[in-house]
Structures are given as structure tokens and as C-alpha cells.
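**Student:** No sequence on hand, only this structure:
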């Protein structure tokens, strides 16, 4: 469209040049006639020449106006063409975008179908699990705690301020013959009461737990000979060893040597004898 408008403008300009050339030729003829004519015709010729000049001016103005309008129209047409081309390009891009969106929509639909199939499969599996759970025998999820031993109530008497109550608790615990009471009796070898310590050593020997050997060896150093004697008797019952220790001896150095012999032996035998 722009090239067509440009061709029209060129043709108008060419026509204007041709008309100007013809008018100029006519003016030249009139001027030559006016010069060759007499004074009678001069006034008429001048009027005719003025009329020709006026018509020439009007024609030129009309041509220029038409030319300007043509140029404006051609520019407007060119602008419309450019706008149309821009819209066309935008439409092409939109069509491409729509195509891409269509492809994405198809992919999403396929993914949705796959997800729905997975959900359906999980639902079927859940139903199977529920059916299996209903058909399985009901079992208790929590096991009842083990029953407390009958001697559990005696433990509080081991801390009694009454030495007689502590002694009775030690004897009663030892009489249970339960190896589990050994851990509670061992601290009683350091009790403040002589008879509580003696009863504790005797009961540890009767319980037969090798876990008490180390604490009984330490008790051989007790300042009371009666406690030392009870500890030695328990060690002999448990280990069938003696090492010449005399609990009644007043020779502390000799007693210390015998205690060391017990400890050296226990250091070697403990890994084998201790439960």
C-alpha cells in the first residue's frame, strides 16, 4: 500500500510540472504578442496576462494542496499498514502461545490421569490392609509391667534410723535367696552398726554371688575383728580360698599383706569368676 501511494504522489508531481510548463509557454506567447501589438491592445493583453497569472497561481495552489493531502493520506496509509503488520505479528505470536499452552495442557492432563491412577491403586491397597487388620487376631499393644518382687517393701527399712530395723531388713533380704538383692546389700557392708555389717557379710556368702567378692575383700580392712571374720567366712564360702588371713590378728602389716594377696588373686580371677 505504501508503494502504491508513493506512485500516486509521483504522478501528481509529474502532472504539476507538465501544467506549469504549458502555462509558462502560454505566458511567453502572450508576452510576445503584447510586445508586437499596438497600444490599443496592450490594456487587453495585460488583463489577459494577469488572468493567466492568477489562474496559474490558483492551479499551483490547488496542486500543492492536493499533493499535501496525498502525502498525508499516504503517510496515514503507511501508518495503518504498519499497525496492521504489528497486529498480525502479535496474532501470530498469540497463536504460537496458544499452541504451547495447548501442549502444556495435554501434558498436565496426562500427569493428572497418572496421579489419579496412583491414588486409586493406593486406595485399593489401603482397603486390603484394612481387611487384613480386621481378620487378624487382636493383640495387646502394651505388655503389662513385670510384677514387683515380694521383697521390694523391705528396701525402705535399709535406710531406717533404727539399727535393729536395718539388721532385720538385711536378714530378710538374704533369706529370699534372690541374687537381685545383692546390689542392695553391698552398701550395708559400710553401715555404722557392727551387727548390721556382720549380718550383711554372712548373707552375701550365703547368696553365692561372685559379684560380692570385691566388696568383701575391702571389708577385710574393717576396724572390727567380728566384721573381718564374717567377711573372711563369706569369701571362703564363695571362692574356697584362704590366703592365711587372720581376722583376729593385731598385726596390721600382716593383715595388709594378706589383703593384698586377696586383691592380686581377684584381679586375675575376676574376669573368669565374676558373672
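**Tutor:** Structure received. All values derive from a computational prediction rather than experimental measurement.
**Student:** where along the stretch 101-250 of the chain do the helices fall?
**Tutor:** 163-175, 182-185, 194-207, 213-219, 225-239 (DSSP state H, counting those that start in this stretch).
**Student:** In contact with residue 188, which residues?
**Tutor:** 158, 166, 170, 196-197, 200 (CB atoms under 8 Å, 6 or more residues apart in numbering). The way it works is simple: take the backbone N, C-alpha and C, and place the C-beta from them, glycine included.
**Student:** Just the pLDDT at it, thanks.
**Tutor:** Here, the pLDDT recorded for residue 188 equals 96.
**Student:** what do you get for residue 90?
**Tutor:** Residue 90 is assigned 62 on the pLDDT scale.
**Student:** before we move on, back to that, just put the contacts of residue 188 in a markdown table and tack on pLDDT, distance to residue 264 and neighbour count.
**Tutor:** Converted to a markdown table, these look like this (pLDDT from 0 to 100; distance: CB to CB, whole Å; neighbours: other CB atoms under 10 Å):
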| residue | pLDDT | distance to residue 264 | neighbour count |
| --- | --- | --- | --- |
| 158 | 95 | 32 | 18 |
| 166 | 96 | 33 | 22 |
| 170 | 96 | 30 | 29 |
| 196 | 96 | 29 | 24 |
| 197 | 96 | 25 | 24 |
| 200 | 97 | 25 | 33 |
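**Student:** Which pair of those residues spans the longest distance?
**Tutor:** The most widely separated members of those, counting by CB to CB, are 158 and 197 (12.8 Å).
**Student:** now the contacts of residue 188 as CSV including distance to residue 249?
**Tutor:** As requested, the contacts of residue 188 are arranged in CSV below (distance: CB to CB, whole Å):
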residue, distance to residue 249
158, 31
166, 29
170, 27
196, 24
197, 19
200, 22
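**Student:** Closest one to residue 244 out of these, please.
**Tutor:** residue 197 (22.9 Å).
**Student:** Quick check: the gap between that closest one and residue 246.
**Tutor:** 19 Å (CB to CB, to the nearest Å).
**Student:** now do residue 254
**Tutor:** 7 Å.
**Student:** same deal with residue 213?
**Tutor:** 19 Å.
**Student:** same check, this time on residue 58
**Tutor:** Applying CB to CB, the value for residue 58 to residue 246 is 161 Å.
**Student:** What ranges in the stretch 151-275 of the chain fall below the confidence cut-off?
**Tutor:** Confidence mapping of the stretch 151-275 of the chain against pLDDT under 70 gives the ranges 273-275.
**Student:** And the chain, what are its domain boundaries?
**Tutor:** 2-114, 154-273 (automatic domain parsing).
**Student:** which ones are touching the closest residue to residue 227 other than its chain neighbours?
**Tutor:** Closest residue to residue 227 apart from its sequence neighbours, by CB to CB, 6 or more residues apart in numbering: residue 197 at 4.7 Å. Residues near residue 197 by CB under 8 Å, 6+ apart: 188-191, 219, 222, 224, 227, 230.
**Student:** what's the answer for residue 219, then?
**Tutor:** Applying CB under 8 Å, 6+ apart, the residues contacting residue 219 are 189, 197, 201, 227-228, 230-231.
**Student:** now, the most widely separated pair of those residues?
**Tutor:** Across those (CB to CB), the longest gap, 11.4 Å, separates 189 and 228.
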